[in-house]
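[1] Build me a structure from this.
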Amino acid sequence: MAERMSARQAVASLTGATPQGAPAGFTELPTPKDTSAPDGPLAWQGYDESRARAATRTGEDESVICGTARVGDTETVLISFEFGFLGGSLGERTGDRLEAAYTHARERRLPVVSLIATGGSRMQEGMLALLQLQRVARQSALTRAAGLPQIAVVRDPTAGGGWATLGAGADVILALPGAQIGFAGSRVRPPDADPYAYTAEAQLTAGHIDAVVGQEDLRGAVARWLALLTGGATGPASVTAAEPPAGLGHAAPPATGWEAVSLARDPRRPRAEAYLAAYFTRREAIHGDRSGGTDPGMLCGFGVHQGRTVAYAAQCGTATLPAGYRTAARLIRLADRLGLPVLTLVDTPGAANDAEAERSGAGGAIADLFAAVATARVPVTSLLIGEGGSGGALALAAPGNTWATPDSYFSVIAPELATAILKRPPEETRATADELKLRPQDLLSLGVIRGIVPPAES
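    From the prediction side, this is the model:
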């Protein structure tokens, strides 16, 4: 189980601490006036006494503190929950503070980092407490529409509406090791529920969070993410396209269609990881489709290329799963909101087409990625680095701004499958590959790609 920190200790873990132990450089925002009636809106007997005891125990007068501080080099609005104050629960006064924090972030054009530890909505305020979730969701949506990034750091425990709004609704979600995370809190789960399913590690495996980060690494991780996500232009129209990477593999153009296929399928050919390592000086990955799926064959994230942030989505040469397409669509839409250019690396024999892929919504996931690329207001640059297998590859390719390496091919269908569909004998597969005009130079003459990238300088 992750160590439970106080709200101010959590802030200090990102900003450093003063000699007195207080968060360094943390300026608390003005607290909205308390207009609550005695014992709250429901006149819940003993509620005021419970709040007074919580205040004495924690030194806080509410379950959340909000303020501004510099994390790394980025001025940030910080929201930190005090679990010791009535389980970090959300009530009307909590909603007042959260709304004020989000409003301040939009007025000052600042990112928001939420350090969450909450058991959910406050029972002593009934439905008026539950309604705060709608209020928080609206503030988060307004901040998202303003093009400001939101990062959640999920502490132990995080459950209920706090997870379903501030946590799961963030652009990037980091969690402390062993943190309990789930919509259902520990006291309301089915008695036979698997406890592992409610852990940070299980949420990572299911694609619901981006990373599990140790406390000792958290400050650096949040600082890096803030630097990456705040590096966008003031508006999508002013974003310049990312340049395509140089080729890393075979430099000579293939003589035949089958040679092009063979080069692209060569197991020794450089793959996405090699291209990303050569292109970016540093990068951070997002993980999962937020719908219960992951695809190790689709790498997505943000990196620094020649001093500016570029978002990337890269296929790794495997059949792409529906979760991979959904993760890439998530990446492109986030980059679009933040005013960041996108680079995609195309390399797949095609979309996964087994029964599990169909049950997971392959068609809908591919359609959603096509839509994300088509509607992106920021420029998308694509480089074909290996196999371009039909629509499963085309979904990640930018219309009018796709390039190719010499050791790649793009085809409406694999030569073997085309041969079978045309009822030709297998020995005609090589001739069929030529007829498909799938070589990089064929794609260029047909206007499918903008150009063939030169090899990288040694």
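[2] Just grab the bridge partners of the residue positioned nearest the centre of the chain for me.
    Nearest residue to the geometric centre of the chain (Cα atoms, centre = their mean): residue 286, 4.2 Å. Assessed by DSSP bridges, residue 286 has beta-bridge partners residue 300.
[3] okay, and the helix or strand of the chain with the least pLDDT?
    Between all helices and strands in the chain, the lowest mean by mean pLDDT, DSSP states H and E belongs to helix 160-162, at a mean of 91.
[4] quick one: pLDDT of the residue nearest to the centre of the chain?
    Confidence at residue 286, expressed as pLDDT, is 98.
[5] do the same with residue 304
    97.
[6] got it, and residue 440?
    So, for residue 440, pLDDT stands at 97.
[7] Could you do residue 179 as well?
    94.
[8] gap between it and residue 215?
    Per Cβ to Cβ, to the nearest Å, residue 179 is found 11 Å from residue 215. For every residue, glycine as well, the C-beta is placed using N, CA and C.
[9] More neighbours: the two, which one.
    More crowded of residue 179 and residue 215, by other Cβ atoms under 10 Å: residue 179, with 25 against 14.
[10] Quick check: the more buried one touching residue 156?
    Yes - with contact defined as Cβ atoms under 8 Å, residue 179 reaches residue 156; the gap is 4.0 Å.
[11] give the contact list for the residue nearest to the centre of the chain.
    172, 210, 300, 301, 302, 327, 330, 331, 334 (Cβ atoms under 8 Å, 6 or more residues apart in numbering).
[12] tell me, how many neighbours does residue 426 end up with?
    There are 10 residues near residue 426, going by other Cβ under 10 Å.
[13] which ones are touching it?
    Neighbours of residue 426 in contact, by Cβ under 8 Å, 6+ apart: 416, 419.
[14] what's the spacing between it and residue 97?
    Distance from residue 426 to residue 97, by Cβ to Cβ: 70 Å.
[15] Ok, residue 266 next?
    58 Å.
[16] More neighbours: those two, which one.
    residue 97 (20 against 13).
[17] Which helix or strand contains that one?
    Assigned by DSSP states H and E, residue 97 belongs to helix 92-108.
[18] Can you point out the buried residues in the very next helix or strand once past that helix?
    Helices and strands here follow DSSP H and E; after helix 92-108, the next one along the chain is strand 112-118. For strand 112-118, a neighbour-count test (16 or more other Cβ atoms under 10 Å) marks 112, 113, 114, 115, 116, 117, 118 as buried.
[19] Ok, stretch 443-458 next?
    Result for stretch 443-458 [16+ other Cβ under 10 Å]: buried residues 443, 444, 448, 449, 450, 452, 453.
[20] List the residues that contact the residue nearest to residue 361 when sequence neighbours are not counted.
    Once flanking residues are discounted, residue 361 sits nearest to residue 322: 5.3 Å by Cβ to Cβ, 6 or more residues apart in numbering. Residue 322 makes contact with 289, 293, 295, 352, 357, 360, 361, 362, 364, 365, 366, according to Cβ under 8 Å, 6+ apart.
[21] my read: the last one touches residue 392, true?
    Read that as residue 366. Yes - counting by Cβ under 8 Å, residue 366 touches residue 392, with 6.8 Å between them.
[22] Overlap in contacts, those two.
    With Cβ under 8 Å, 6+ apart as the test, residue 366 and residue 392 both reach residue 351.
[23] how close does residue 84 sit to residue 31?
    18 Å.
[24] the more surrounded of the two?
    Applying other Cβ under 10 Å to residue 84 and residue 31 shows that residue 84 carries more neighbours, namely 18 against 14.
[25] Contact partners for that one?
    Contacts of residue 84 by Cβ under 8 Å, 6+ apart are 6, 54, 57, 58, 60.
[26] Buried residues, stretch 336-353. List them.
    Buried, per 16+ other Cβ under 10 Å, within stretch 336-353: 336-352.
[27] Just the ones of those in strands?
    In this view, the buried residues of stretch 336-353 that belong to strands under DSSP state E are 342, 343, 344, 345, 346, 347, 348.
[28] could you dump these to CSV with distance to residue 10 and pLDDT?
    Putting those into CSV (distance: Cβ to Cβ, whole Å; pLDDT from 0 to 100) gives the following:
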residue, distance to residue 10, pLDDT
342, 33, 98
343, 35, 98
344, 36, 98
345, 37, 98
346, 41, 98
347, 41, 98
348, 41, 98
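[29] Need these in TSV (columns: distance to residue 279).
    Formatted as TSV, these follow (distance: Cβ to Cβ, whole Å):
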residue	distance to residue 279
342	13
343	7
344	12
345	9
346	15
347	14
348	19
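[30] Tell me which two in those residues are the farthest apart.
    342 and 348 (17.5 Å; Cβ to Cβ).
[31] about what we covered before: after the least confident helix or strand of the chain, next one along is what?
    With DSSP H and E, the next secondary element past helix 160-162 is strand 172-175.
[32] That following strand packs against which elements?
    strand 150-159, helix 200-205, strand 211-212, helix 215-229 (3 or more Cβ pairs under 8 Å, 6 or more residues apart in numbering; DSSP states H and E).
[33] ok, now with 7 Å
    strand 150-159 (3 or more Cβ pairs under 7 Å, 6 or more residues apart in numbering; DSSP states H and E).
[34] on that earlier part again, packing partners for the least confident helix or strand of the chain?
    strand 112-118.
[35] The strand it packs on to strand 150-159, inter-axis angle?
    0 degrees (axes from the mean of the first three to the mean of the last three Cα atoms, to 10 degrees).
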